[in-house]
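1. Need a 3D model of the sequence below.
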Amino acid sequence: MSMKLFRYEDLPIINGRLVRLRPITQADTPDIVRWRNDPEVQQFFIFREPFTLEMHQNWLESKVYTGKVIQYIIEDKESGQSVGSVYFRDIDPVNESAEYGIFIGETSARGKGFGSETARLFTAFGLDVLKMHRISLRLIDGNIAAQRSYEKAGFVTEGVFIDMVKLDGKFTDIVFMAKLKSGA
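-> Numbering: from 1, shown residues only. Now for the predicted structure:
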């Protein structure tokens with residue numbers, strides 16, 4: 001069965017026990033920019049340049065609103081507060097695959113299970129609703145909390161690329177993980 005593509009306007013809301021996932025909007029831009037420039041968030045990104053309103057606006061217009069990226073905001077279901085973001089990028093309908101990314105931007109929301117639940121919900125959405133065959137991700141070696149969260153969501157380590165990127169003046173390994181459609 002081939003991959004299902006949604007128009008941005010038709011993306012569903014995804015509800016979990018702890019989180020509510022909703023498509024990103026223009027109104028989320030200040031939070032995204034603030035989170036992406038937070039050193040505690042930035043340390044786990046390969047792309048570490050200062051993040052601007054213009055960069056995010058361009059991302060929304062060229063990637064999200066065109067369907068090249070599916071990006072959601074993670075909300076604390078109890079308080080309704082936006083706490084982070086999750087997305088599929090490099091969506092490839094031919095190979096029924098995409099790259100997964102997530103971050104919890106609000107310091108007070110870290111360590112509460114929001115990321116783990118989001119990983120399970122959003123990858124299930126990718127595999128079961130969007131009909132993806134493969135979801136991959138990259139993470140900086142040593143980000144143990146994230147790697148454990150991904151493993152709980154069903155990702156397996158495929159390999160480590162030694163000294164793949166130079167971060168803060170030091171060559172760093174990148175771990176590649178993936179989750180495949182069950183029974184594939």
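
2. Pull the contacting residues for Thr29.
-> 53, 56-57, 60 (CB atoms under 8 Å, 6 or more residues apart in numbering). Quick note: C-beta positions are derived from backbone N, CA and C, even for glycine.

3. can you list those residues in CSV and add secondary structure, neighbour count and pLDDT?
-> Shown next, in CSV, are these (DSSP: H, G, I helix; E, B strand; the rest coil; neighbours: other CB atoms under 10 Å; pLDDT from 0 to 100):
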residue, secondary structure, neighbour count, pLDDT
Leu53, helix, 11, 92
His56, helix, 20, 93
Gln57, helix, 13, 94
Leu60, helix, 20, 95
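
4. Just grab the bridge partners of Val165 for me.
-> Thr172 (DSSP bridges).

5. show me the contacts for it.
-> Here Val165 is in contact with 46, 171-172, 174 (CB under 8 Å, 6+ apart).

6. So it versus Gln42, what's the distance?
-> Distance, Val165 to Gln42, using CB to CB, to the nearest Å: 14 Å.

7. same check, this time on Gly113
-> Taking CB to CB, one finds Gly113 at 23 Å from Gln42.

8. so where's the chain shaky on pLDDT?
-> 1, 183-184 (pLDDT under 70).

9. I'd assumed Val33 was in contact with His56.
-> Yes. Counting by CB atoms under 8 Å, His56 does reach Val33; the two are 5.7 Å apart.

10. you'd agree Glu40 is up against Gly105?
-> No. With contacts counted by CB under 8 Å, Glu40 stays clear of Gly105, the gap being 9.0 Å.

11. between those two, who's got more neighbours?
-> Taking other CB atoms under 10 Å, Glu40 and Gly105 do not tie; Gly105 has more neighbours (21 against 12).

12. In contact with the closest residue in space to Met177 that isn't next to it in sequence, which residues?
-> Closest residue in space to Met177, ignoring its immediate chain neighbours: Phe155 at 4.2 Å, by CB to CB, 6 or more residues apart in numbering. Residues near Phe155 by CB under 8 Å, 6+ apart: 119, 123, 135, 137, 177-179.
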